[in-house]
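Colleague: sequence unavailable; structure follows:
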């Protein structure tokens, strides 16, 4: 170690030049790291969405859902398959084992699905669940004069290409009514008059669509391509299009399409719609980023492109921003940075007060940027990004960075006296004694966080990044402590200071010595304190509300809702506009948008489903949670007939969607009869709704909507009419059939053939004429018409039917208590013997994560016991250390209870962080004891604890005040780290006492020689 210190001192200029290089490299890495809210990781889940117009539930089940389910279930590594089937929609979620590579599993599943022959016109989407599958920004083309179908050409040919040209953008999705169409409404009477069927008209249009390739002809030196086409260019030409018809004499005559049909341009069938507050018409654009792209940088480029687009749009069309998550990313990360900087400054002031020398305090503060720079460089090289998790890990490590500097600077400044040579020699000796034990202590602390890397589940995917950031920061800090900090300590030693009597310090040391001797002579006092702390910890744990992750104020609210069964898109849009207007009145709301006929992260949904996106003002006076509760009450008053309304913050919603837990609590009912499950689910829903501890309850197994079913009669069989013939003819009235397109430039305008005089009532439907063999037949004669008012969704889990309910407890009620209440309610209901139940959601993940964290804490303590045994060469020392360290957990829990903060996974990380800091203190005490004597004794332990009193109090104080900005909450971005900071502060406050009193006292208890 002497050679190492001499080398550093002789090459101090070169070492400082290396420091400047590290600083510049750290700045480059910091600005090059991709920024996002959550780490960009792949979840072991694949989502499959199949859409095929509005085909009936049973058709979708047999022809689409069932084949996809069976294909997914037979894929190796799949542990769970869930499906939901409604009219025209099949949603399938495939969950893989945690030891399976998600990307490999996704590719294998996609290959298997590609072999399935799905019905024509099926739209299939297969997605691996990653954060970038959701839009990071949402804009809208808006107008008060031009509707969304007529804005499509501007979007498709001008706006979308420019957005896709941005480096980092890989997909742009629109929500609107769609492209305009040309509707050809055939007159049934004219068809009968000219003895022509609708199918013949459609076939004629298709056959004359063109262009059709007719070969090639050589003409002198040229080769000419031959093609045949009779495609009209506009509505006028389409009216002149001729169709062969027959007279009464069965002679073929040309018949103009305009003579038998009303032809006009109109909007397509209303499947989806979009609205933005303050505008009549809107086309909403979701912009998705490339995987691992820097969303903040992409957002800057996007903003520039949007400004360019605004200049090129017509005066009656505008483009507005609905939300941009880069604003959320920047504000949240800035809040964490501000808390980090303020905490560091406060810690510097504390160090200054303890050391009493400005040069010493500044030296401590100087090594922090060096440690941070080295951390950023390592994160950049390792391919990590800057997000709440990695930045949280860095924040958690700031205390360790300051500790490393304090230990070395304080040790080097102890009792500096004599001439320059004597002072330098003294510093060399003291640093030699401290550097090796401190390095061992840091490596031991690092071991505490290694198990977090192997944590399974959603928590493991997220907290792995935090654990890696902490480990990198600890090692980086230690490297700086071994190179730069000793030089700073030697430089400070060059400055001679006058000796001053420190009466207060002497009194403090005297009081501490008396207290330490008392506890070491009567160690049973420590045993009593530990037992009391254990009781406090247990009772606090039992009464603490629990949560999966902390509540977070994002400023973005997603409000999916469902209108009554059978509601059309038009009806749902009207209800949505009513809610939009109510939300816009709120002074905290900046903008509201509405998407109808699609789901969260899904391009299609049922007509009665919609999503409100509410963007709050940055400088709002109320929290997102309070605004959300107030709006929910008003929404339910305005629209009391809503089947469901679930408000949540966007990022929380996305995290749930990615992990497969969509609500705090999910109650599943399993059985073999879907109708029975639906009925029992409704009963349970009504019972749960009576419980006042539950804030929101949603029955998530609703009806797919009413249905009218045609069953062909014997009369249909006589006339050679089957179900397909009936469906094709009725479809022309209510949906139409495509018959080619008109090409306008590069825009394809679809041709939709329909029949005039569409029935408006059930009675009119029964009297509808079906044209068959050029003669009209009543639909009531050809089929039995059954009206089904309630056709339930078909939901499966591993091919077994199930029904489920979402439950959101009040903020004051923990997930564990709420789950226990639900368990009691379900048991009291006495479900039929053929129906089973289970409880899932965030609660299930919380239970699993808590179990994993208990295991990690136990493993960490056991590993520390082994490492301490090797380092101290004494299991008595090791056992004393472990008991003292573990006792701090009770006060971490107590701090959460006092501040009314729920126990969640980040709070467990705070407990681990306390363990890591305690490791440093205790190792330095017992290492110093070993230096004072070959074998540990009560006397050497007491002397070592006394010598470590000042630096331990100093480091603990600096750490506590350093975490205060995070615990208090500087801005809204620190919400996720608040439980961690509070748990850390509570544990550290008792940790100082445990390090300096409890650990030595327990050693005297385990040591045969108890008297000192």
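Modeller: Looks like it came in fine. The model shown is predicted, which means the values in this text are computed figures rather than measured ones. Residues are numbered from 1 along each chain as shown.
Colleague: buried residues of stretch 245-264, list them for me.
Modeller: 245, 255, 257, 260-261, 263 (16 or more other Cβ atoms under 10 Å). All C-beta atoms are positioned from the backbone trio N, CA, C, and that covers glycine.
Colleague: point out where the stretch 451-600 of the chain drops to low pLDDT.
Modeller: Low-confidence segments of the stretch 451-600 of the chain (pLDDT under 70): 494-505, 548.
Colleague: quick revisit: closest to residue 383 among the buried residues of stretch 245-264?
Modeller: Comparing these against residue 383 with Cβ to Cβ places residue 263 closest, at 58.7 Å.
Colleague: direction included, what does the helix or strand where that closest one lies pair up with?
Modeller: Using DSSP states H and E, residue 263 maps to strand 261-266. Strand pairing for strand 261-266, using DSSP bridges, gives strand 181-186 (antiparallel).
Colleague: sticking with the spatially most central residue of the chain, tell me its helix or strand.
Modeller: What sits nearest the mean C-alpha location of the chain, by Cα atoms, centre = their mean, is residue 655, with 2.6 Å. Element membership for residue 655, per DSSP H and E: helix 650-659.
Colleague: and residue 378, by the same measure?
Modeller: Going by DSSP H and E, residue 378 is in helix 358-382.
Colleague: next, the buried residues of that helix.
Modeller: By neighbour count with 16+ other Cβ under 10 Å, helix 358-382 contains the buried residues 359-361, 363-365, 367-380.
Colleague: next SSE downstream of it?
Modeller: Helix 358-382 is succeeded, C-terminally, by helix 388-413 (DSSP H and E).
Colleague: what about that next one, distance to the chain center?
Modeller: 30 Å (Cα atoms, centre = their mean, to the nearest Å).
Colleague: what helices and strands are in contact with it?
Modeller: Applying 3 or more Cβ pairs under 8 Å, 6 or more residues apart in numbering; DSSP states H and E, one finds that helix 388-413 contacts helix 325-355, helix 358-382, helix 420-453, helix 457-493, helix 905-932, helix 949-968, helix 978-993.
Colleague: report the angle between the fourth one and helix 905-932.
Modeller: Between helix 457-493 and helix 905-932, the angle formed by their directions is 40 degrees, by axes from the mean of the first three to the mean of the last three Cα atoms, to 10 degrees.
Colleague: next, the angle from the next helix-or-strand element following helix 457-493 to helix 978-993.
Modeller: Following helix 457-493 in sequence order, the next helix or strand is helix 503-521 (DSSP H and E). Angle between the axes of helix 503-521 and helix 978-993 is 80 degrees (criterion: the same axes, to 10 degrees).
Colleague: for helix 503-521, name the packing helices and strands.
Modeller: helix 524-543, helix 938-947, helix 949-968, helix 999-1006.
Colleague: so can I have JSON lines of the ones you listed showing distance to residue 616 and mean neighbour count?
Modeller: Shown next, in JSON lines, are the helices and strands packed on helix 503-521 (distance: least, Cβ to Cβ, whole Å; neighbours: other Cβ atoms under 10 Å):
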{"stretch": "helix 524-543", "distance to residue 616": "33", "mean neighbour count": "15"}
{"stretch": "helix 938-947", "distance to residue 616": "53", "mean neighbour count": "21"}
{"stretch": "helix 949-968", "distance to residue 616": "22", "mean neighbour count": "23"}
{"stretch": "helix 999-1006", "distance to residue 616": "49", "mean neighbour count": "26"}
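Colleague: right, so of those, which gets closest to residue 221?
Modeller: helix 949-968 (80.4 Å).
Colleague: buried sites along the helix or strand containing residue 162?
Modeller: Per DSSP H and E: residue 162 is located in helix 160-164. For helix 160-164, burial by neighbour count (16+ other Cβ under 10 Å) applies to 160, 163.
Colleague: rewinding a little: okay if I get the helices and strands packed on helix 503-521 as a markdown table plus distance to residue 326?
Modeller: Listed next are the helices and strands packed on helix 503-521 as a markdown table, based on distance: least, Cβ to Cβ, whole Å:
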| stretch | distance to residue 326 |
| --- | --- |
| helix 524-543 | 39 |
| helix 938-947 | 51 |
| helix 949-968 | 23 |
| helix 999-1006 | 48 |
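Colleague: I figured residue 819 was touching residue 839, is that so?
Modeller: Yes - judged on Cβ atoms under 8 Å, residue 819 makes contact with residue 839 at a distance of 5.4 Å.
Colleague: residues contacting residue 654?
Modeller: Residues counted as contacts of residue 654 (Cβ atoms under 8 Å, 6 or more residues apart in numbering) are 131, 134, 601.
Colleague: and it, what pLDDT?
Modeller: Looking at residue 654, its pLDDT is 78.
Colleague: in space, what's closest to residue 210 - neighbours in sequence excluded?
Modeller: Spatial nearest neighbour of residue 210, chain neighbours left out: residue 229 (3.0 Å); criterion: Cβ to Cβ, 6 or more residues apart in numbering.
Colleague: contact partners for the one you found?
Modeller: 208-212.
Colleague: now for the residues you listed, which pair is the farthest apart?
Modeller: Across the contacts of residue 229 (Cβ to Cβ), the longest gap, 10.6 Å, separates 208 and 211.
Colleague: and the gap between residue 512 and residue 931?
Modeller: To residue 931, residue 512 is 20 Å away according to Cβ to Cβ, to the nearest Å.
Colleague: these two: who's more crowded?
Modeller: Taking other Cβ atoms under 10 Å, residue 512 and residue 931 do not tie; residue 512 has more neighbours (17 against 14).
Colleague: which residues touch the strand holding residue 263?
Modeller: In contact with strand 261-266 (Cβ under 8 Å, 6+ apart) are residues 180-187, 190, 201, 235, 238-239, 257, 749, 756.
Colleague: give me the mean pLDDT for it.
Modeller: In this model, strand 261-266 has an average pLDDT of 90.
Colleague: likewise for stretch 296-305?
Modeller: Rounded mean pLDDT across stretch 296-305 is 90.
Colleague: check stretch 991-1000 too.
Modeller: Averaged across stretch 991-1000, the pLDDT comes to 87.
Colleague: quick one: that stretch to chain centroid distance?
Modeller: On Cα atoms, centre = their mean, the centre of stretch 991-1000 falls 41 Å from that of its chain.
Colleague: end-to-end on that stretch?
Modeller: 13 Å (Cα to Cα, to the nearest Å).
Colleague: hang on, the earlier thing: report the next helix or strand after the strand holding residue 263 in sequence order.
Modeller: Remark: after strand 261-266, the chain's next helix or strand is strand 273-276, criterion DSSP H and E.
Colleague: packing partners for that following strand?
Modeller: strand 137-143, strand 281-289, helix 569-585, strand 589-596.
Colleague: can you rerun that using 6 Å?
Modeller: strand 281-289, strand 589-596 (3 or more Cβ pairs under 6 Å, 6 or more residues apart in numbering; DSSP states H and E).
Colleague: what comes up buried for the helix holding residue 655?
Modeller: Residues of helix 650-659 classed as buried: 650-659 (neighbour count, 16+ other Cβ under 10 Å).
Colleague: now for those residues: which two are most distant?
Modeller: Checking the buried residues of helix 650-659 with Cβ to Cβ, the most distant pair is 650 and 659, at 15.1 Å.
Colleague: wasn't residue 84 part of a strand?
Modeller: Yes - assessed with DSSP: H, G, I helix; E, B strand; the rest coil, residue 84 lies in a strand.
Colleague: find the nearest non-adjacent residue to it, please.
Modeller: residue 91 (4.6 Å).
Colleague: same check on residue 102?
Modeller: With Cβ to Cβ, 6+ apart, the residue lying closest to residue 102 is residue 42, at 4.0 Å.
Colleague: three-state assignment of residue 901?
Modeller: Here residue 901 is coil, with the state taken from three-state DSSP.
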